[in-house]
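Trainee: the sequence isn't on hand, but the structure is:
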Ligand SMILES: Cc1cc2nc3c(=O)[nH]c(=O)nc-3n(C[C@H](O)[C@H](O)[C@H](O)COP(=O)(O)OP(=O)(O)OC[C@H]3O[C@@H](n4cnc5c(N)ncnc54)[C@H](O)[C@@H]3O)c2cc1C
Ligand code: FES
Ligand code: FES
């Protein structure tokens, strides 16, 4: 590991000042479960890591009538241990519960998952389907970016050197809505998604018709994909096998996977279709409560 | 703000109930801090990338892979390692159960499994077999085939 300095600021202002000074030779440290692996593999040569876990704002997890706010440094276990979040945002809990094993979940968060921008990131699709927004700070001020626009390529994001993710803001889901995320892996846990699918649905009061839906796909493209047409195809339609199959086929069409050691293009596309159908059904079940 | 010299960080921490003051290079892992700076070599190095769990320690009540934590991060925290499990009264019930159930062969994974399993039983004294297997999914063992480990943890649960 290239020798780097450890800096632990207690405010966003101090953190962005350090990041600004070092440019791309410094990186924020959240749970470190990607950063320390990559630093050890010499993916980057860093002069400093900026531990964000002493900044109260970045460690805040709050759920209220305004929605869910996830500080960039909040570890996964705090998300899935929170019964209110589990009840109102089950899709986000689905993702946070399968990132690594227990040791990893003590440290890893969805903020780090998003900034790491792996196409397979299990924390990202659940945020996309919820129309979540990333709050970003730098010495120049703050800005907001929709999570669906955040990743720009494998390990690449809209963040410029010196920018810091502060939190992820998830709007409060509408009444009669539900969400779910799953992935396919050959093991039971501790593996990287061959394909993953997240679905958010809003139903009408009868629970029989879709009002709207959002579907996002992991590990089947250079970034997590918002399958807009697939989600839109459900809007205003009745909940039945035919509408679900149509959306699943559109999700399959939106996937543009590669063949690698984890799976082939054909397998991944088929997985997207199958998992999309399952996740729509699960999200509907949850929406019906 | 902890800057000090660019390379070393002043850390005050409690390890297995004992206060320690250390100067830790900013890039040094908690694993190396324990093994090289403090001489606590019970915590093992396996993969160095978070997959094997041999380096598992407990920080403020949560189990973590010490290869993916920096030594500098334990400032003000409480760390518990395998060396803190047995007391003057004897082995921890998990250690005793591992011996009785022959839940180890080469032993390289054992400290990690014990610290991880203790992290479970401290909060959930009677977990199901499924819960134990799920909890220990972040620990790899190349020798035992896991069944004996799971049986030992079941034996130590109430
Ligand atoms: C054994 C193992 C198993 C894993 N399993 C999975 C899995 O099943 N699914 C999955 O999706 N991932 C998995 N991962 C990858 C990793 O755990 C996740 O991506 C995790 O969510 C990263 O979060 P972190 O808090 O540890 O991020 P860190 O490692 O701290 O940071 C990740 C990246 O984001 C940057 N960053 C962190 N915080 C900020 C910020 N506030 N602003 C700007 N940039 C920031 C860092 O500089 C770094 O580049 C696994 C990793 C390991 C080691
Ligand atoms: S050495 Fe840390 S998880 Fe393998
Ligand atoms: S006893 Fe040898 S690896 Fe577990």
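Mentor: Happy to help now that I have it. Just so you know, these numbers come straight off a predicted model, no measurement behind them. Numbers count the residues shown, from 1 in each chain, chains lettered A, B, ... in the order given. Ligands and ions are numbered 1, 2, ... in the order given.
Trainee: confirm for me that residue A:80 is in contact with residue A:99.
Mentor: No: applying Cβ atoms under 8 Å, one finds residue A:80 not in contact with residue A:99, separated by 10.0 Å. Just so you know, the C-beta spots here come from the backbone N, C-alpha and C atoms, and that holds for glycine as well.
Trainee: got any residues that touch both of the two?
Mentor: residue A:105 (Cβ atoms under 8 Å, 6 or more residues apart in numbering or on different chains).
Trainee: run a quick neighbour tally on the residue of the stretch 51-200 of chain A found nearest ligand 1.
Mentor: Taking Cβ to the nearest ligand atom as the measure, the stretch 51-200 of chain A has residue A:112 as its residue closest to ligand 1, at 2.1 Å. As a burial measure, residue A:112 scores 27 neighbours (other Cβ atoms under 10 Å in any protein chain shown).
Trainee: hang on, it packs against residue A:30?
Mentor: Yes: between residue A:112 and residue A:30 there is a contact under Cβ under 8 Å: 3.8 Å.
Trainee: shared neighbours, these two?
Mentor: A:72-73.
Trainee: quick one on the thing from earlier: between residue A:80 and residue A:99, which has more neighbouring residues?
Mentor: Comparing residue A:80 with residue A:99 by neighbour count (other Cβ under 10 Å), the higher total belongs to residue A:99, at 24 against 20.
Trainee: state the distance from the residue in the stretch 101-250 of chain A that chain B sits nearest to to residue B:53.
Mentor: As assessed by Cβ to the nearest Cβ, chain B sits closest to residue A:101 within the stretch 101-250 of chain A, at 2.6 Å. Distance, residue A:101 to residue B:53, using Cβ to Cβ, to the nearest Å: 7 Å.
Trainee: which residues sit against the helix or strand that the residue of the stretch 51-200 of chain A closest to ligand 1 is a member of?
Mentor: Per DSSP states H and E: residue A:112 is located in helix A:110-116. Contact with helix A:110-116 is made by A:28, A:30-31, A:33-35, A:58, A:70-74, A:76, A:79, A:92, A:95-96, A:99, A:121-124, A:126-127, A:134, A:147, A:150-151, A:155, A:157, A:159, A:165, A:167-168, as judged by Cβ under 8 Å, 6+ apart.
Trainee: just the ones of those residues in helices?
Mentor: Within those, residues falling in helices by DSSP state H are A:35, A:76, A:79, A:92, A:95-96, A:124, A:126-127.
Trainee: wait, which of those is closest to ligand 2?
Mentor: Taking Cβ to the nearest ligand atom as the measure, ligand 2 lies nearest residue A:35 of these, at 14.6 Å.
Trainee: so that closest one is in contact with residue A:29, correct?
Mentor: Yes: contact criterion Cβ under 8 Å: residue A:35 and residue A:29 qualify, at 5.6 Å.
Trainee: and the helices in chain B?
Mentor: With helices called from DSSP H, chain B shows them at B:30-32, B:93-100, B:110-123, B:129-135, B:147-156.
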